[in-house]
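S.K.: Show me the folded form of this:
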Amino acid sequence: MFVSSDRLDRTRNGRGKALLTHADISDDGSVAAAVAGVHGVVNAVSLYMESGQQTFHSVHVTGAERVARLAREAGVERLVHVSGIGSDANSTSLYIRSRGEGERVVREAFPSATLVRPSVLFGRGDAFVSPLAAMLHRLPAFPLFGGGRTRLQPAYVEDVAEAITRAMRKFDSKLCYELGGPRVYTYRSLLEVIAQSLGTRPLLVPVPFDLWRMLALAAEMFPHPPITRNQVELMQIDNVVSRDSPGFAELQISPRSLEDVLPAIVGLSE
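M.R.: Below is the predicted model:
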């Protein structure tokens, strides 16, 4: 859990200090200690694969509610809850449904909380573009999810961090921001952009989603599966900002494109 704070022990110039605080969101005492005496809290804890007692519900719903409730009880003035585009409490996907339910319980526990829903993130050492670049660099052929038509609007992680900071400081902040980069790609066109930056032209092979689900089911038997059914579900849904939703523009941020940052990402992935 990231705690951005304006602590009571102010610095000499009268401004508070932003601190990174570690807390276990499954433990009341740990969270209560982390939020004590702070001005604002950012909860960016997320889970992409369930393991043991760490489930989508325990992290995205129970844990999120705990942070929001204890922050309100501690007198915290600002809470930013980081969720994701497409979060839907009525979804058939366990992951997507848990993110939507998490938003609901956070609002119930801390009514003035600001929700931030970023699209898929990219940046140095990310878990999306960097692995794709590494595989496109090595493989002569690359499997597509379906026909590669799923739409994505990747956002630069540092732009999202700046947006969270500005939303935290704005007392008239909107209750929800959706954050997507300046360009919408299909999955196929995204791979083509990355491959072009690498100077390669791999064969992009469409693979039906039904086959992906079967492969993911088999992969989940391993301790560190390369793909999960949850990831396959996410790749069947467009990940773009909603029309007329507040976003980077309302926070006076001009988001950087993937092409702007790609050289640095590709350099690290080689």
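
S.K.: So what does the closest residue to Phe171 other than its chain neighbours look like in phi/psi?
M.R.: The spatially closest residue to Phe171, leaving aside those adjacent along the chain, is Arg78, at 7.8 Å (Cβ to Cβ, 6 or more residues apart in numbering). (C-beta placed from N, C-alpha, C; glycine too.) Backbone torsions of Arg78, given as degrees, to the nearest 10, read phi -130, psi 130.

S.K.: and Arg78, how far is that from Val240?
M.R.: Distance, Arg78 to Val240, by Cβ to Cβ, to the nearest Å: 28 Å.

S.K.: Give me the more crowded residue out of these two.
M.R.: Set Arg78 next to Val240 and count neighbours by other Cβ atoms under 10 Å: Arg78 wins out with 23 against 18.

S.K.: in the stretch 1-150 of the chain, what spans have low per-residue confidence?
M.R.: Scanning the stretch 1-150 of the chain for pLDDT under 70 picks out 1-19.

S.K.: Where do the helices of it begin and end?
M.R.: Ranges of helices within the stretch 1-150 of the chain are 28-35, 56, 64-73, 94-109, 129-138, based on DSSP state H, counting those that start in this stretch.

S.K.: Give me the domain ranges for this structure.
M.R.: Following automatic domain parsing, one gets these domains for the chain: 1-118, 122-153+181-239+254-270.

S.K.: Buried residues, stretch 151-165. List them.
M.R.: Judged by neighbour count (16 or more other Cβ atoms under 10 Å), stretch 151-165 contains these buried residues: 152-157, 159-165.

S.K.: contacts for that stretch?
M.R.: For stretch 151-165, contacts defined as Cβ atoms under 8 Å, 6 or more residues apart in numbering pick out 4, 42, 44, 80, 82, 85, 116, 118-123, 126, 128-129, 177, 179-181, 183-187, 190, 238-241, 248, 251, 253, 255-256, 258, 260-261.

S.K.: so which of the domains of the chain comes closest to Asp172?
M.R.: domain 1-118 (10.8 Å; Cβ to Cβ).

S.K.: Report the distance from the closest one to the chain centre.
M.R.: 13 Å (Cα atoms, centre = their mean, to the nearest Å).

S.K.: ok, His22 to Ala134 distance?
M.R.: His22 sits at a distance of 30 Å from Ala134 (criterion: Cβ to Cβ).

S.K.: Sorry, wrong one. I was asking about Val184.
M.R.: 24 Å.

S.K.: same thing with Ser242?
M.R.: 32 Å.

S.K.: On the C-terminal side of the helix or strand Met214 falls within, identify the next helix or strand.
M.R.: Met214 is located in helix 209-219, with elements delineated by DSSP states H and E. Next helix or strand after helix 209-219 toward the C-terminus (DSSP H and E): helix 229-234.

S.K.: Determine how far that next one lies from the middle of the whole chain.
M.R.: 15 Å.

S.K.: Counting neighbours, what do you get for the residue nearest to Met168 when sequence neighbours are not counted?
M.R.: Nearest residue to Met168 in three dimensions, chain neighbours excluded: Gly40, at 4.9 Å (Cβ to Cβ, 6+ apart). By other Cβ under 10 Å, 23 other residues sit near Gly40.

S.K.: Quick check: the gap between Gly40 and Ala155.
M.R.: 21 Å.

S.K.: now do Ala89
M.R.: From Ala89 to Ala155 the distance is 23 Å (Cβ to Cβ).

S.K.: now swap in Leu204 and tell me
M.R.: 24 Å.

S.K.: do Gln236 as well
M.R.: Note on Gln236: its distance to Ala155, by Cβ to Cβ, is 20 Å.

S.K.: So which of His22 and Ala134 has more stuff around it?
M.R.: Ala134 (15 against 9).

S.K.: Might one say that the residue nearest to Phe171 is in contact with His39?
M.R.: Yes - between Arg78 and His39 a contact is recorded at 6.5 Å, counting by Cβ atoms under 8 Å.

S.K.: Just give the number of residues close to the nearest residue to Leu144 once chain neighbours are set aside.
M.R.: Closest residue to Leu144 apart from its sequence neighbours, by Cβ to Cβ, 6+ apart: Pro206 at 4.9 Å. Other residues near Pro206 number 12, with proximity taken as other Cβ under 10 Å.
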